[in-house]
Structures are given as C-alpha cells and as structure tokens.
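A.B. asks: quick one: sequence and predicted model below, then my questions.
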Amino acid sequence: MKLIEVGYKANPYPLVLANKDSYDSLINVYDNWSFDFEIAKLKNILSVPFVNADATVKSKNIAVLPGDYFWIKGMHKPSKQYTLKNGKKSMGYPAIIYFNLAYLKDEKLIQQRFNQIKTYEDLTLEERTFPANQINPNWKLSILKAVNLHRGESGWDWSEGCHTIFDDERFYSHWDAFINTFVMNEKGRLTIYSK
C-alpha cells in the first residue's frame, strides 16, 4: 500500500497567489506501507512541492489537525459536470478522498473496517469527519467534513478545507503525475504532520 504524507506549511519556498492563498505545504508518496510498522520498508516514489493544506484565506485557514488517517482514490464532486483536459465531459474528476477511522479506537477494528471499504461510496459521513485546528462556523465545532485532495489553480487554491495541488498548465503542473500514481479505488494511509 501507499502512504501519502502531507507536510503542513513545510515548504520553505511557498507559492503565494495574488489573493494571498498559499501553496506552502509538501506531499511525499511512499510505497510499501503496511499496518505492521515493524516490517514496513517505505520507498519514496513521488514528491509534490506546491500543496495547499488549509482552507482559502477567505475561510480563515481552517485545517485538518496533524495525525494519521486514510485515503482512497475516488471522484471529487461527482454530482458536478467538469470538462477534462482531453475535452471530454465528466461528472466529477479523480481525486484522493480522505477518511478517518479513529472513532473505532481499536487497531483490529480499524484494519477490519479498512478492508471492508471497496470504493469511496462505502464511506460514512462519520468516517469523512476530521478534527480541525479551529471552530468551523458551518458546524460550530472544531471539525471538517468531506475533505479531499484535489487540484487547485493559480487564481485561488479552490479549498474550503480540502488539500489542493497547484495545477496550472502555464507553469509546471504536478497534479497529473500525482493523481496518475494511483488507480481508482486504491487506498492507503495518510499522515499529516506540522512543521
């Protein structure tokens, strides 16, 4: 399995947009992750330098707290139509869907539930809820819901709490290399750390 590691505000050379949104985080993707940390031999297979790991400036930079979570490749906003780079229409577009199994509290139950999840549509709203670094005005609690890792752009980071990767073809785009590293419904571990 793969591990996605997000370094929150860990990029020493952030890309700051005109509206003050900032791609100031990093992602490393490792292969060979396992629930048995003793035998895991991680191999770095991809690094992404321009990542946004909090909400846009207008949303007061709310972010998922550092910790260990999970991910599965699915579709971002599957109810909305997008025009893909190849010109085709699609309902949503491929993205990494985050999920949180901490509510189970027992490692064996976490592994069992992880193995039961076959697609992102198997996830419950509780499993899509994360602790946040501040009160979220939508729920009056320190939580974020339905956090994904998807593409951003140069006008703003496209985030209301999701993680985004800078994607602007006028400059170098890391999005295609990143998302094509995974197959649909592949899943793995997510670690978010703070610098």
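C.D. replies: Done, it's in. Not measured: the values here are computed from a predicted model.
A.B. asks: now do the contacts for the residue sitting nearest the centre point of the chain.
C.D. replies: With the centre of the chain defined as its mean C-alpha position, the nearest residue by C-alpha atoms, centre = their mean is residue 149, 3.0 Å away. With contacts defined as C-beta atoms under 8 Å, 6 or more residues apart in numbering, the neighbours of residue 149 are 4, 71, 95-96, 98, 162-165. All C-beta spots, glycine's among them, are computed from the backbone N, C-alpha and C.
A.B. asks: for it, helix, strand, or coil?
C.D. replies: For residue 149, the assignment made with DSSP: H, G, I helix; E, B strand; the rest coil gives strand.
A.B. asks: secondary structure element for the closest residue to residue 144 other than its chain neighbours?
C.D. replies: The shortest distance from residue 144 to any residue other than its chain neighbours is 4.3 Å, reached at residue 161 (C-beta to C-beta, 6 or more residues apart in numbering). In this structure, residue 161 sits in neither a helix nor a strand according to DSSP states H and E.
A.B. asks: residue 161: how many residues sit nearby?
C.D. replies: Other residues lying near residue 161 total 23 when counted by other C-beta atoms under 10 Å.
A.B. asks: dihedrals phi and psi, it?
C.D. replies: When read as degrees, to the nearest 10, the backbone of residue 161 gives phi 140, psi -10.
A.B. asks: where does it land on pLDDT?
C.D. replies: For residue 161, the pLDDT comes out at 82.
A.B. asks: ok, then the element right after the longest helix out of those in the chain?
C.D. replies: The residue-count maximum for a helix in the chain (DSSP state H) belongs to helix 107-116. Downstream of helix 107-116, the next assigned helix or strand under DSSP H and E is strand 129-136.
A.B. asks: note down every partner strand of the following helix or strand past that following strand and its orientation.
C.D. replies: The element immediately downstream of strand 129-136 (helix or strand, assigned by DSSP H and E) is strand 141-145. Taking DSSP bridges as the criterion, strand 141-145 forms sheet pairs with strand 129-136 (antiparallel).
A.B. asks: run through who's touching the partner strand.
C.D. replies: The set of residues external to strand 129-136 that reach it, using C-beta under 8 Å, 6+ apart, is 54, 60, 62-65, 67, 69, 98, 100, 141-145, 147, 161.
A.B. asks: just the buried ones from those residues, in PyMOL syntax?
C.D. replies: The command below creates a PyMOL selection of those among the contacts of strand 129-136 that count as buried (16 or more other C-beta atoms under 10 Å):
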select buried, resi 54+62+63+64+65+69+98+100+143+144+147+161
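A.B. asks: state which strand of this structure is the longest.
C.D. replies: As assigned by DSSP state E, the longest strand anywhere in the chain is strand 67-83.
A.B. asks: would you mind listing the buried residues in it?
C.D. replies: Judged by neighbour count (16+ other C-beta under 10 Å), strand 67-83 contains these buried residues: 69-76.
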